[in-house]
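>>> coords please:
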Amino acid sequence: MSGNTYTAENGFVITDDIVDKWAKEAEDNFSGAIVTEFTGRAWEDETQPLKPRTVRLSDTVWHLIEADAKRRKMTVSAWTRKAILNELSSEIAAQR
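Numbers count the residues shown, from 1 in each chain. Prediction:
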């Protein structure tokens, strides 16, 4: 072991050597990696049905969202879910 060591929340010890290995794998586009598909949504313990919700927005903001969603080839609902989840992820990360 060389360099620093870090301990993850689950107790797993991470060394600079491991970080270097992960960086090399990322730079190599994770060649040979096996991806396991899963059903449901990564942020939920179980897949829950989606329900319509009401949000009050100005027409200007709504049109900006519609335009960006169209540019990204997404529905407005998918765009909104992604924006909300990105904000939640940022908040959770900031609290750690």
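
>>> residue contacts, R72?
By Cβ atoms under 8 Å, 6 or more residues apart in numbering, the residues touching R72 are W79. (Glycine included, C-beta is placed from N, CA and C.)

>>> Show me the beta-bridge partners of V13.
T7 (DSSP bridges).

>>> I'd assumed Y6 was in contact with it.
Yes. Assessed by Cβ atoms under 8 Å, V13 is found in contact with Y6 at 7.3 Å.

>>> so how far is the one helix or strand in the chain whose mean pLDDT sits lowest from its chain's centroid?
The weakest-scoring helix or strand in the chain, judged by mean pLDDT, DSSP states H and E, is helix 76-95 (a mean of 85). Here the centre of mass of C-alpha atoms in helix 76-95, compared against the chain's by Cα atoms, centre = their mean, to the nearest Å, lies 8 Å away.

>>> got a list of contacts for that helix?
Contacts for helix 76-95 (Cβ under 8 Å, 6+ apart): 43, 55, 65-66, 68-69, 72, 74.

>>> hmm, try it at 6 Å
By Cβ atoms under 6 Å, 6 or more residues apart in numbering, the surrounding residues in contact with helix 76-95 are 65-66, 69.

>>> Would you write a ChimeraX line that selects the buried entries of those residues?
Buried residues within the contacts of helix 76-95, by 16 or more other Cβ atoms under 10 Å, are selected in ChimeraX with:
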select :69
